[in-house]
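Peer 1: Here you go, sequence then predicted model.
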Amino acid sequence: MKTHRIAIAGILVFLFIEAVPSFALQYSITDLGLYSSPDHDFFGGSPLVSYKINNNNQIAGYSSEGAFFWEEGNISNLGNANIGGINDNGAVAGNDLEGIFIWENGVKRYVRSREHVLLDQVVLDINNSNQIALSERPIAERGLYIYAYLWDDMNRTTVRIDNSPYSLDSMATSVNDAGRTTVLFQNNDSFLWENGVLTRRQRICRFALGHQQQRTDCRRYRQSRNC
């Protein structure tokens, strides 16, 4: 009887496994292709490196020809620029030697010049209202610190995020659709800025996370700093 029970149990398990449907994930890969500008053609074109993507599969990135915008195989050249982000409307925020810009529907519009900054000016994100998380080292402050800012495209105004918790460099790293902005200070403290108020979130470990040993070192660092 014992042998029969084992055999029956084995059959039932087999039938159960066969009855479970397969939910294997399906992926597809799209080749962005090569880009060739009218002025240059490097062996058929230069490879594209994707950097940012939105929820509509529009991509902003880089090539040896400069920054680009990609949509369904069509490529637009944004010139020699740093790309900070792309929102769901296809607006790309970035900065170049002239200042901070928003590129949208083939038009590059500058929203902030470089005249008032000392070297450092960088864009890291844009939300669906064209608010931009950016950082600058203003000349008016004698170039002592890098400050985090939020550009409001609707009101054409820039709000400087107070760095009073520390007299340190700060960077606006991301902004959501509600205008909430994350700010990272030079000492690795992370804050959330909302309606003029900074709230401390956590301290970020800046170790490179290339392999398991470095991840272990990162955990030990956080434990040693109680953060």
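Peer 2: Yes, it's here.

Peer 1: buried sites along stretch 182-201?
Peer 2: 182-185, 189-191, 193, 198 (16 or more other C-beta atoms under 10 Å). Just so you know, the C-beta spots here come from the backbone N, C-alpha and C atoms, and that holds for glycine as well.

Peer 1: So which of these is the closest to residue 30?
Peer 2: Closest approach to residue 30 among these (C-beta to C-beta): residue 182, at 30.2 Å.

Peer 1: Relative to the helix or strand containing the closest one, what are the paired strands and their orientations?
Peer 2: Here residue 182, judged by DSSP states H and E, is contained in strand 181-185. Next to strand 181-185 in the sheet, as set by DSSP bridges, lie strand 170-175 (antiparallel), strand 189-194 (antiparallel).

Peer 1: would you turn the ones you listed into a markdown table with distance to residue 152?
Peer 2: As requested, those are exported to a markdown table (distance: least, C-beta to C-beta, whole Å):
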| stretch | distance to residue 152 |
| --- | --- |
| strand 170-175 | 10 |
| strand 189-194 | 13 |
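
Peer 1: Next, format those as TSV and append mean pLDDT.
Peer 2: Output for the strands paired with strand 181-185, formatted as TSV (pLDDT from 0 to 100):
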stretch	mean pLDDT
strand 170-175	94
strand 189-194	91
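
Peer 1: which one of those lies closest to residue 128?
Peer 2: The minimum distance between residue 128 and the strands paired with strand 181-185 falls on strand 170-175, with 10.1 Å, by C-beta to C-beta.

Peer 1: can you give me the helices in this protein?
Peer 2: Per DSSP state H, the chain carries helices over the ranges 2-19, 212-224.

Peer 1: can you tell me the average pLDDT over the shortest one?
Peer 2: Per-residue pLDDT over helix 212-224 has a mean of 45.

Peer 1: what distance separates stretch 108-125 from the middle of the whole chain?
Peer 2: Centroid displacement of stretch 108-125 relative to its chain, using C-alpha atoms, centre = their mean, to the nearest Å, is 17 Å.

Peer 1: What are the buried residues along it?
Peer 2: For stretch 108-125, the buried set under the neighbour-count rule, 16+ other C-beta under 10 Å, comprises 108, 111-112, 114, 117-118, 121-125.

Peer 1: ok, residue 55 to residue 127 distance?
Peer 2: The spacing between residue 55 and residue 127, counted by C-beta to C-beta, to the nearest Å, is 12 Å.

Peer 1: The two: which has the busier surroundings?
Peer 2: residue 127 (24 against 8; other C-beta atoms under 10 Å).

Peer 1: Please tell me how far the more buried one sits from residue 73.
Peer 2: Distance, residue 127 to residue 73, using C-beta to C-beta: 27 Å.

Peer 1: same thing with residue 80?
Peer 2: Residue 80 is 23 Å from residue 73, by C-beta to C-beta.

Peer 1: The longest strand along the chain pairs with which strands, parallel or anti?
Peer 2: The longest strand of the chain (DSSP state E) is strand 117-126. Counting by DSSP bridges, the strands paired with strand 117-126 are strand 132-138 (antiparallel).

Peer 1: In CSV, could you pull the C-alpha coordinates for the partner strand?
Peer 2: C-alpha atoms of strand 132-138 as CSV (Å, rounded to 0.1, in the frame of the first residue of the first chain):
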residue,chain,number,x,y,z
ILE,A,132,13.8,71.5,-14.3
ALA,A,133,16.1,70.3,-11.5
LEU,A,134,19.4,72.1,-12.0
SER,A,135,22.5,73.3,-10.2
GLU,A,136,24.8,76.3,-10.7
ARG,A,137,27.8,78.1,-9.1
PRO,A,138,26.6,81.7,-9.2
